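Undergrad: just need the structure, nothing else, for what follows:
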Amino acid sequence: MTEQVAPASLTPVEAELLRRSGRSAARYPGELADVLEVDSVPALGLAAAARFLEWASEHPTGLLTLPTGRTPEHFIRQVKRLRASWASAETQAELVALGLRPGGAPPDLSCLVFVQMDEFYPMDPSAANSFNAYVRREYLTPAFGERPA
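TA: Numbering: from 1, shown residues only. From the prediction side, this is the model:
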């Protein structure tokens, strides 16, 4: 296998994910977006969590929207796991191996601005099975990184 050179536009986490894939970021001539590949849905959750934490550490008051439903289950689980065990030597080593530069504490997510991208209509947003309830339960909790209200 030849050594892959990461495009300069990739972040440290993206460059590490590209290195692990053994593939090129641009696979076809004329391709307009870089592609990072992983070998499983759980690996995608970890990759997305690492990139999210990298982004959040650089944009503590950033604006974001995150998916709901089954799609982000592994991502949510990994963000919660990494944040809960951040100070452990094992997690610190994992974060470094993923291309992160972890500090003493996980990135503060409490000042991020979250835009909810969808809702069932005409469902009441306070209903237990609404997207609003999902967002509040999965993302706007102390376990994910939000400070309790």
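Undergrad: hmm, residue 49 is touching residue 72, no?
TA: No: counting by Cβ atoms under 8 Å, residue 49 sits too far from residue 72 to count as a contact (9.7 Å). From N, CA and C alone the C-beta is placed, and that goes for glycine too.
Undergrad: please name the nearest non-neighbouring residue to residue 57.
TA: Of all residues beyond its chain neighbours, the one nearest residue 57 is residue 107 (4.0 Å), with distances taken as Cβ to Cβ, 6 or more residues apart in numbering.
Undergrad: domain assignment for this structure?
TA: What the record gives for the chain is the domain set 1-37, 39-138, from automatic domain parsing.
Undergrad: deepest-packed of those, please.
TA: Of all those, domain 39-138 has the most neighbours on average by mean count of other Cβ atoms under 10 Å, namely a mean of 15.
Undergrad: any idea of the mean pLDDT in that domain?
TA: Here domain 39-138 scores 88 as its mean pLDDT.
Undergrad: show me what the helix ranked longest in the chain is packed up against.
TA: Within the chain, and with DSSP state H defining each element, the longest helix by residue count is helix 41-58. Helices and strands touching helix 41-58, by 3 or more Cβ pairs under 8 Å, 6 or more residues apart in numbering; DSSP states H and E, are helix 12-21, helix 73-84.
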